[in-house]
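A.B. asks: the amino acid sequence is not available; the structure is as follows:
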Ligand SMILES: Nc1ncnc2c1ncn2[C@@H]1O[C@H](COP(=O)(O)OP(=O)(O)OP(=O)(O)O)[C@@H](O)[C@H]1O
Ligand SMILES: [Mg+2]
């Protein structure tokens, strides 16, 4: 029997939500194909995957699913529920999955010290192990270096079930997906092809809908003018009729002619008024908001108050070694970051980039409020604390933060009402609060993970303009090429990881 997943008019709300997060979702997910799920941070992508995998139940509508399902989570905080069972298993699917994604036997006992890229690979391997009929992957390329991404591509290509994929990686979605579900509330639309084809189709539909709307507005204006003319004519005529009514009927109106004439005039006036009202109703229908037209909120922000620190260095680290565990050591020369340095820190998964970043941050030489740090992962508890903190802000600073959230493409109202902000939403909060303080030194560890595409573009534009120091960790070469001028490269030699410095990005365009 062919396997599939079908959503029929599905709606979902988290408890306490005034408006449903998702509504009217009707979509078919076929076997042997990947469907991309696309939408802004907080749009409900993770929620949709959880519904697909049966981890959440719809509040309305119906989900038909044949076979088993597995959801591979977006966060990398915790190991999969069956982590140890998976690592201890010697059945061929377990061995295949571990080999396919390069999961090492010794990882079993050290989840806490695995890098986030390694954790991501481990989570996906454990999900593949059960050979589920429906596989829902939530941002699987986050944290992965180029090699690991290639490995993941090969692993996913061999999957034959119903695949659902949330990703902000356009190339990855284009390569994989035969259809994409676009969550642009209130509309949720399935389009054939990858994300680029779907976005092009969306732009075309938006242009057509707006043109239709403009043409309707023109017609409505003409109808309103005609309605006004009819009304004025009817009013003048009604005034004449009233004058006649006030006059006495002629004495010799034996056959009632004058009376009938008066009634005719009254009817004509009434007809004129109802014609005018009908024209107005037609105009109002043409002007009714078209659900197909998205409200495009203005996006983009600038780091207006950021500046160059007047100190010689914004961070200074004497040469040293960092113990990475398992007998591995990261060796680095003296590291200095000048007030206008723009540094890319690169290296494969697990070489200690985040550990080094933490050491740099601990040695930062700027006042704490002038340091903006976006860590690689923000745990669930910490996210809740950051969120609660924002909700306590006074009206004016809260307004400023929420304006920025809106300019980054997420809906402030929903974020304030939420009890569990999504990973993208929480990054936008951190960013907004840091921008407010006019930073002198910005440190971002894989900032493009979790952020939706439009907000990555906004972030890139803002960082390109800022005069302050930057230290950016990313696997996104295009992002680094645009924003940085110096490179710190981590490379492994046996158990030693060395940091070498380059003066520029080799493939800078
Ligand atoms: N358990 C929950 N209770 C209440 N609100 C929640 C809960 N989980 C998520 N939300 C809210 O629901 C909305 C959708 O969340 P979801 O995690 O599905 O978004 P997403 O599209 O996956 O976002 P991202 O791109 O950042 O991962 C968000 O506004 C979020 O704050
Ligand atoms: Mg999500």
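C.D. replies: Noted; the coordinates are in hand. On a predicted model such as this, the values are computed, not experimentally measured, just so you know. Ligands and ions are numbered 1, 2, ... in the order given.

A.B. asks: C-alpha from now on. contacts and neighbour counts both.
C.D. replies: Noted.

A.B. asks: what does the stretch 101-250 of the chain have sitting close to ligand 1?
C.D. replies: Residues of the stretch 101-250 of the chain lying close to ligand 1 (Cα under 6 Å from any ligand atom): none.

A.B. asks: do a quick rundown of the helices in the stretch 101-250 of the chain.
C.D. replies: With DSSP state H, counting those that start in this stretch as the criterion, the stretch 101-250 of the chain has helices at 116-129, 146-157, 170-176, 195-246.

A.B. asks: and the second one, which residues are buried?
C.D. replies: I take that to be helix 146-157. Neighbour-count burial for helix 146-157, with 16 or more other Cα atoms under 10 Å as criterion, is recorded at 146, 148, 149, 152, 155, 156.

A.B. asks: turn the residues you listed into CSV, columns for distance to residue 72 and pLDDT.
C.D. replies: Output for these, formatted as CSV (distance: Cα to Cα, whole Å; pLDDT from 0 to 100):
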residue, distance to residue 72, pLDDT
146, 20, 85
148, 17, 86
149, 16, 88
152, 13, 88
155, 14, 85
156, 13, 87
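
A.B. asks: quickly check these for the two that are furthest apart.
C.D. replies: Across those, the longest distance by Cα to Cα is 15.4 Å; it joins 146 and 156.

A.B. asks: break the chain into its domains for me.
C.D. replies: Domain assignment of the chain by automatic domain parsing yields the ranges 4-186, 204-287, 315-502.

A.B. asks: ranked by average pLDDT, which of those domains falls at the bottom?
C.D. replies: Set side by side, those give their lowest mean pLDDT on domain 204-287, at a mean of 84.

A.B. asks: what's the span of it, first residue to last?
C.D. replies: Chord length of domain 204-287, first to last residue, is 21 Å (Cα to Cα, to the nearest Å).

A.B. asks: from the chain's centroid, how far away is that domain?
C.D. replies: When distances are taken as Cα atoms, centre = their mean, to the nearest Å, domain 204-287 is centred 51 Å away from the chain's centroid.

A.B. asks: now swap in stretch 444-460 and tell me
C.D. replies: The answer for stretch 444-460 is 10 Å, by Cα atoms, centre = their mean.

A.B. asks: just the endpoints, please. Distance across it?
C.D. replies: First-to-last residue span, stretch 444-460, Cα to Cα: 12 Å.

A.B. asks: residues in contact with it: which ones?
C.D. replies: The contact list for stretch 444-460, computed with Cα atoms under 8 Å, 6 or more residues apart in numbering, reads 39-41, 139, 142-143, 168, 299-301, 354, 357, 373-376, 408-409, 423-424, 427, 471-476, 479, 483.

A.B. asks: now, those residues that are in helices?
C.D. replies: Cross-referencing those against helices under DSSP state H gives 354, 357, 423, 424, 427, 479, 483.

A.B. asks: pull the most distant pair out of those residues.
C.D. replies: Largest separation among the ones in helices among the contacts of stretch 444-460 by Cα to Cα: 423 and 483, giving 23.5 Å.

A.B. asks: quick one: which of the ones in helices among the contacts of stretch 444-460 is nearest ligand 1?
C.D. replies: Set against ligand 1, the nearest of those by Cα to the nearest ligand atom is residue 424 (3.2 Å).

A.B. asks: right, and that closest one touches residue 39 too?
C.D. replies: No - applying Cα atoms under 8 Å, one finds residue 424 not in contact with residue 39, separated by 11.2 Å.

A.B. asks: before we move on, the earlier item: now the helices of the stretch 101-250 of the chain in JSON lines, with distance to residue 16?
C.D. replies: Shown next, in JSON lines, are the helices of the stretch 101-250 of the chain (distance: least, Cα to Cα, whole Å):
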{"stretch": "helix 116-129", "distance to residue 16": "31"}
{"stretch": "helix 146-157", "distance to residue 16": "37"}
{"stretch": "helix 170-176", "distance to residue 16": "33"}
{"stretch": "helix 195-246", "distance to residue 16": "32"}
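
A.B. asks: most tightly packed of those?
C.D. replies: Neighbour counts (mean count of other Cα atoms under 10 Å) averaged over each of the helices of the stretch 101-250 of the chain peak at helix 116-129, with a mean of 24.

A.B. asks: list the helices and strands it packs on?
C.D. replies: Helices and strands touching helix 116-129, by 3 or more Cα pairs under 8 Å, 6 or more residues apart in numbering; DSSP states H and E, are strand 69-72, helix 83-88, helix 92-100, strand 134-138.

A.B. asks: contact partners for the nearest residue to residue 125 once chain neighbours are set aside?
C.D. replies: Once flanking residues are discounted, residue 125 sits nearest to residue 97: 5.0 Å by Cα to Cα, 6 or more residues apart in numbering. Applying Cα under 8 Å, 6+ apart to residue 97 gives the contacts 125, 126, 128, 129.

A.B. asks: confirm residue 433 sits in a strand?
C.D. replies: No - counting by DSSP: H, G, I helix; E, B strand; the rest coil, residue 433 is not part of a strand but helix.

A.B. asks: what sits against it?
C.D. replies: Residues counted as contacts of residue 433 (Cα under 8 Å, 6+ apart) are residue 401.

A.B. asks: dihedrals phi and psi, residue 115?
C.D. replies: phi -70, psi 160 (degrees, to the nearest 10).

A.B. asks: please disregard the earlier target; I meant residue 458.
C.D. replies: Residue torsions, per degrees, to the nearest 10, at residue 458 are phi -60, psi -40.

A.B. asks: could you do residue 17 as well?
C.D. replies: Torsion angles, degrees, to the nearest 10, at residue 17: phi -80, psi 130.

A.B. asks: my read: it touches residue 417, true?
C.D. replies: Yes - using Cα under 8 Å, residue 17 is in contact with residue 417, at 7.0 Å.

A.B. asks: among the helices and strands packed on helix 116-129, which is the most enclosed?
C.D. replies: For those, the largest average neighbour count (mean count of other Cα under 10 Å) is found in strand 134-138, namely a mean of 27.

A.B. asks: taking helix 116-129 as reference, get the angle to that one.
C.D. replies: Calculated by axes from the mean of the first three to the mean of the last three Cα atoms, to 10 degrees, strand 134-138 forms an angle of 170 degrees with helix 116-129.
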